[in-house]
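> sequence and predicted model, in that order:
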Amino acid sequence: MGSSGIIFDIKKFAVHDGPGIRTTVFLKGCPLRCAWCHNPEGIAAGPEIAVFADRCVKGCRDCLAACPRGALKKVRGIILLDRSLCDGCGACAEICSAEALRSAGRTVSVPEIMEEVARDIPFYRESGGGVTFSGGEPLAQPAFLRELLLDCRARGIHAVVDTSGHAPFSLFEELLPLVDLFLFDLKVIDDESHRRFTGVSNRLILENLEKLSCSGAPLSVRVPLIPGVNDADRDLKAMAEFRDALPGRHPLHLLPYHRGYAAKRLRLGLDAVLPDTAPPSGELQERAGKIFAGNGSTVIIGG
Ligand code: SF4
Ligand code: SF4
């Protein structure tokens, strides 16, 4: 026991990541590259620097002196980071009192996280909540996740794993007895589109979803609703048919796309991938909701 892993955030009092009031722990690293990813700081496995250029103080050069790799420079008063030189050490973020440079990702031990999580046990008990492990893809750090889940079990804390589903099924099998609920993403049913918008085939994901459902695992299916990606009737119906054919009955959450991720991507030096995509209209959300509720299943719009 006592291993460490890399996380990029801990969100307290979360109400959209499973039942009740929860603490959500975001683990870093993901095998997918979803064009709409709302947590782009969770994609890379290692620590990285987010640049809030508008906070940089005129005349200050503290971080330039602190950087051991010469990765930072200021050009006409604007702070610039050469990511090809940066190893994410975080020295610049530590010295920047203006918080213009912030570390996305830090190494933490299981006891450190659980100490933070355990502070809110009274709220979990009162609300039927607990802890949610999200990301990134939490199964990308399997030994770390397993220890966190074991500790939750030992303390009687309800544990949710929010997953892209892209991991060997043997990992799901190993974790099954320790997980109270899986939040399982079903993003795009057409494999070619899935590859185009996420960077990987959906074959393993669909197989895992079927096997997990077959195993009787408690799970909710989460579908991001993204205009121009998966909002055509044929796509929504194909996803609904797939969900309806699963052996278990699982509630479905429709997660409307929003643009909040674009600024985060820019701060990490990433281009916006869907710059012209607008959030789904109320009419589209209603239509999609009706398609997924076709067999009488529960459909929840939102987290
Ligand atoms: S330490 Fe912060 S405020 Fe100073 S130059 Fe660097 S980014 Fe700007
Ligand atoms: S994280 Fe380290 S290497 Fe990267 S810019 Fe900051 S000080 Fe330099």
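Cool, got the structure. Ligands and ions are numbered 1, 2, ... in the order given.

> what about the closest residue to Val15 other than its chain neighbours, how many residues nearby?
Leaving aside its sequence neighbours, Val15 sits nearest to Ile21 (C-beta to C-beta, 6 or more residues apart in numbering; 6.4 Å). Every C-beta, even on glycine, is put in place using the N, C-alpha and C of the backbone. A count of nearby residues for Ile21, using other C-beta atoms under 10 Å, gives 19.

> contacting residues for Ile21?
13-15, 120, 123-124, 126-127, 129 (C-beta atoms under 8 Å, 6 or more residues apart in numbering).

> with Leu252 instead?
Taking C-beta under 8 Å, 6+ apart, one finds 220-223, 243, 292, 297-300 in contact with Leu252.

> how about the contacts made by the residue of the stretch 151-300 of the chain found nearest ligand 2?
For the stretch 151-300 of the chain, the residue closest to ligand 2 is Gly269, as judged by C-beta to the nearest ligand atom, at 11.4 Å. By C-beta under 8 Å, 6+ apart, Gly269 lies in contact with 51, 81, 83.

> which one of those residues sits closest to ligand 2?
Of all the contacts of Gly269, Leu81 has the smallest distance to ligand 2: 5.6 Å, by C-beta to the nearest ligand atom.

> number of residues surrounding that closest one?
So Leu81, with other C-beta under 10 Å, has 21 neighbours.

> so which residues on the stretch 51-200 of the chain come close to ligand 1?
Neighbours of ligand 1 within the stretch 51-200 of the chain, by C-beta under 6 Å from any ligand atom: 56-57, 60-63, 79, 95-96, 98, 100-101.

> most neighbours among the residues you listed, which one?
For these, the largest number of neighbours (other C-beta under 10 Å) sits with Leu101, at 27 neighbours.

> which residues sit in contact with that residue?
49-52, 63, 79, 81, 92-93.

> now, these that are in strands?
Here DSSP state E is the test, and the contacts of Leu101 give 49-51, 79, 81 as lying in strands.

> farthest-separated two in these?
Greatest spacing in the ones in strands among the contacts of Leu101, by C-beta to C-beta: Ala50 and Ile79 (11.9 Å).

> can you give me the helices in the protein?
For the chain, the helices defined by DSSP state H cover 62-66, 91-95, 110-118, 121-127, 142-155, 169-175, 191-198, 203-214, 233-244, 261-267, 282-292.

> in TSV, list those helices along with distance to Asn39.
Formatted as TSV, those follow (distance: least, C-beta to C-beta, whole Å):
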stretch	distance to Asn39
helix 62-66	25
helix 91-95	19
helix 110-118	17
helix 121-127	23
helix 142-155	16
helix 169-175	21
helix 191-198	14
helix 203-214	18
helix 233-244	22
helix 261-267	8
helix 282-292	22
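
> weakest of those by average pLDDT?
When the helices of the chain are ranked by mean pLDDT, helix 261-267 comes last with a mean of 90.

> distance between that helix and the chain's centre?
15 Å (C-alpha atoms, centre = their mean, to the nearest Å).

> one step back: how near is the residue of the stretch 151-300 of the chain closest to ligand 2 to Glu94?
20 Å (C-beta to C-beta, to the nearest Å).

> hang on, the earlier thing: among the helices of the chain, which is nearest Gly136?
helix 142-155 (10.7 Å).

> buried stuff in that closest one?
142, 144-152 (16 or more other C-beta atoms under 10 Å).

> nearest to ligand 2 among those residues?
Distances from ligand 2 to the buried residues of helix 142-155, taken as C-beta to the nearest ligand atom, are shortest for Phe144 (22.3 Å).

> ok so, going back, out of the ones in strands among the contacts of Leu101, which comes closest to Gln285?
Ala50 (30.8 Å).

> what's near enough to touch the closest one?
Here Ala50 is in contact with 41, 101-104, 264, 267-268 (C-beta under 8 Å, 6+ apart).

> again, only this time at 10 Å
Contacts for Ala50 were tallied using C-beta atoms under 10 Å, 6 or more residues apart in numbering; they are 8, 40-41, 81, 93, 99-105, 264, 266-269.

> narrow these to just the buried residues.
By neighbour count, with 16+ other C-beta under 10 Å, the contacts of Ala50 hold 8, 40-41, 81, 93, 100-105, 264, 267-268 as buried.

> lowest pLDDT pick from these?
Lys264 (91).

> correct me, but that residue touches Cys37?
Yes. Using C-beta atoms under 10 Å, Lys264 makes contact with Cys37 at a distance of 9.0 Å.

> now the common contact residues for those two.
Leu270.

> any idea how far His158 lies from Ile121?
For His158 relative to Ile121 (C-beta to C-beta), the value is 10 Å.

> what residues does the protein put near ligand 2?
49, 66-67, 69, 71-72, 81, 86-92.
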